[in-house]
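Asker: Could you work out the structure for the sequence below:
(chains A and B)
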Amino acid sequence: DGGITQSPKYLFRKEGQNVTLSCEQNLNHDAMYWYRQDPGQGLRLIYYSQIVNDFQKGDIAEGYSVSREKKESFPLTVTSAQKNPTAFYLCASHDRGRTDTQYFGPGTRLTVL
Amino acid sequence: GQQVMQIPQYQHVQEGEDFTTYCNSSTTLSNIQWYKQRPGGHPVFLIQLVKSGEVKKQKRLTFQFGEAKKNSSLHITATQTTDVGTYFCGPSSGSARQLTFGSGTQLTVLP
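Answerer: From the prediction side, this is the model:
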């Protein structure tokens, strides 16, 4: 699970503000993902990207946007259109080697005040 | 996407007792992955199963994939306090290998 960093660890924002969560990886993985986790629940896929300059919506993309200008970076913007943004956000990247493993970053806990 | 159900949602055990969590799907899965998330932490990959009837062991952890590839289980023998956390299962699928997790089983081990 090393090699992926997310910042900040905790983030507070006021209603109506956009906020961008950072995700950087040095694992040379092509695929990157953003998941959302709510208390007592599993992960839900927000967006994913298989290569630079390309990304697809996941199951709950409404109110979120992403970019993938560099292989190492996949920032997520939580817009004011997201109705319930308070959650734990996890970024991951994918190793398509023998283990088909996803490696997760430490997460960002976003609280909307 | 492919949906999986995990049971139980919560489990409390006394240290030294065994623990089992189950992952069930209504459709045939090409694979199943298991992850562990410690309290306040992030999911960490444990294992992937791909073959019908496959059984894999990691020390006190035993993973099984059903013959019909619709269910899986994780069994922990003689639990320790270090086993505390939430265990998630789900397939990796699609061209981007995205994960579809169940809601997880939260394990508490009482000393």
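
Asker: so what pLDDT did the nearest residue to residue B:55 once chain neighbours are set aside get?
Answerer: Among residues not flanking residue B:55 along the chain, residue B:64 sits closest, at 5.1 Å (C-beta to C-beta, 6 or more residues apart in numbering or on different chains). C-beta: built from backbone N, CA, C; applies to glycine. The per-residue pLDDT reported for residue B:64 equals 98.

Asker: Can you classify residue B:64 by secondary structure?
Answerer: Secondary structure for residue B:64, judged by DSSP: H, G, I helix; E, B strand; the rest coil, is strand.

Asker: Could you list which residues are in contact with it?
Answerer: The neighbourhood of residue B:64, defined by C-beta atoms under 8 Å, 6 or more residues apart in numbering or on different chains, consists of B:49, B:53-55, B:72-73, B:75.

Asker: Residue B:61 bridge partners, please.
Answerer: Per DSSP bridges, the residues bridged to residue B:61 are residue B:58, residue B:76.

Asker: quick one: it and residue B:73 touch, right?
Answerer: No. Between residue B:61 and residue B:73 there is no contact under C-beta atoms under 8 Å: 10.7 Å.

Asker: Where does residue A:21 sit: helix, strand or coil?
Answerer: Going by three-state DSSP: residue A:21 is strand.

Asker: and the gap between it and chain B?
Answerer: 14 Å (C-beta to the nearest C-beta, to the nearest Å).

Asker: do the same with residue A:49
Answerer: From residue A:49 to chain B the distance is 8 Å (C-beta to the nearest C-beta).

Asker: any idea which element that residue lies in?
Answerer: strand A:43-51 (DSSP states H and E).

Asker: The residue of chain B found nearest chain A sits in which helix or strand?
Answerer: In chain B, the residue that lies nearest chain A is residue B:101 (3.8 Å; C-beta to the nearest C-beta). Using DSSP H and E, residue B:101 falls within no helix or strand.

Asker: How many residues are close by it?
Answerer: Neighbour count of residue B:101, defined by other C-beta atoms under 10 Å in any protein chain shown: 23.

Asker: who touches it in this structure?
Answerer: A:42-43, B:4, B:35, B:88-90.

Asker: Report the lowest-confidence entry in the residues you listed.
Answerer: The member of the contacts of residue B:101 with the lowest pLDDT is residue A:42, at 84.

Asker: Spatially, what comes nearest to that residue if we skip its sequence neighbours?
Answerer: residue B:101 (3.8 Å).

Asker: Need phi/psi at that neighbour.
Answerer: Main-chain dihedrals, residue B:101, degrees, to the nearest 10: phi -90, psi 150.

Asker: Look up how far residue B:46 lies from it.
Answerer: 13 Å (C-beta to C-beta, to the nearest Å).

Asker: joint contacts of those two?
Answerer: residue B:35.

Asker: Hmm, residue B:77 is touching residue B:62, no?
Answerer: Yes. Using C-beta under 8 Å, residue B:77 makes contact with residue B:62 at a distance of 7.3 Å.

Asker: Just give me the residue right at the centre of chain A.
Answerer: residue A:34 (2.9 Å; C-alpha atoms, centre = their mean).
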